[in-house]
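Peer 1: This is the structure alone, sequence omitted:
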């Protein structure tokens, strides 16, 4: 079992920046691939970014590529999402997710991740 707790959300103006954190506890953090997802009102939860177990492999949704950066610090059991040049369409509840796997592939589908945080709200005003 892995427990995940997100923090760092808030209200920001368009063009601004925020950094989200996801603190993990429970099973060995280093054995898990991690991901960030988001869900806007009335929309399905969507993939934002993912990171491999070593932190070297990363992947991003096209909508955030070049603006968001995912990273992880295994010494702190924490994953981050640095968000820059934020747009109103980035407004959503952001969730972190984890999957224990021997594979190296970072998955983009919500169903692949059994562990989820409670979410943190990000609101970008125009």
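Peer 2: Structure's in. What do you need? Model, not experiment: these values are computed from the prediction.

Peer 1: use CA for all of it now, contacts and neighbours both
Peer 2: Fine.

Peer 1: looking at this, residue 105 is in a helix?
Peer 2: No - Residue 105: not assigned to a helix; according to DSSP: H, G, I helix; E, B strand; the rest coil it is coil.

Peer 1: Return the distance of the nearest residue to it once chain neighbours are set aside relative to residue 93.
Peer 2: Excluding the flanking residues, the one nearest residue 105 by C-alpha to C-alpha, 6 or more residues apart in numbering is residue 52, at 7.1 Å. For residue 52, the distance to residue 93 (C-alpha to C-alpha, to the nearest Å) stands at 23 Å.

Peer 1: same check, this time on residue 49
Peer 2: Applying C-alpha to C-alpha, the value for residue 49 to residue 93 is 14 Å.

Peer 1: quick one: residue 86 and residue 63 touch, right?
Peer 2: No - here residue 86 does not reach residue 63: they are 11.0 Å apart, not a contact under C-alpha atoms under 8 Å.

Peer 1: thinking again about what came up before, residue 52 and residue 93: which is more packed in?
Peer 2: residue 52 (22 against 18; other C-alpha atoms under 10 Å).

Peer 1: Contact partners for the more buried one?
Peer 2: Applying C-alpha atoms under 8 Å, 6 or more residues apart in numbering to residue 52 gives the contacts 32-34, 58, 104-106.

Peer 1: What subset of those residues is buried?
Peer 2: 32-34, 58, 106 (16 or more other C-alpha atoms under 10 Å).

Peer 1: if we can go back for a sec, out of the contacts of residue 52, give me the two with the largest separation.
Peer 2: By the measure C-alpha to C-alpha, 32 and 58 form the most distant pair in the contacts of residue 52, at 13.4 Å.

Peer 1: any idea whether the residue sitting nearest the centre point of the chain is helix, strand or coil?
Peer 2: Centroid-nearest residue in the chain: residue 36, 2.1 Å away (criterion: C-alpha atoms, centre = their mean). Three-state call for residue 36 (three-state DSSP): strand.
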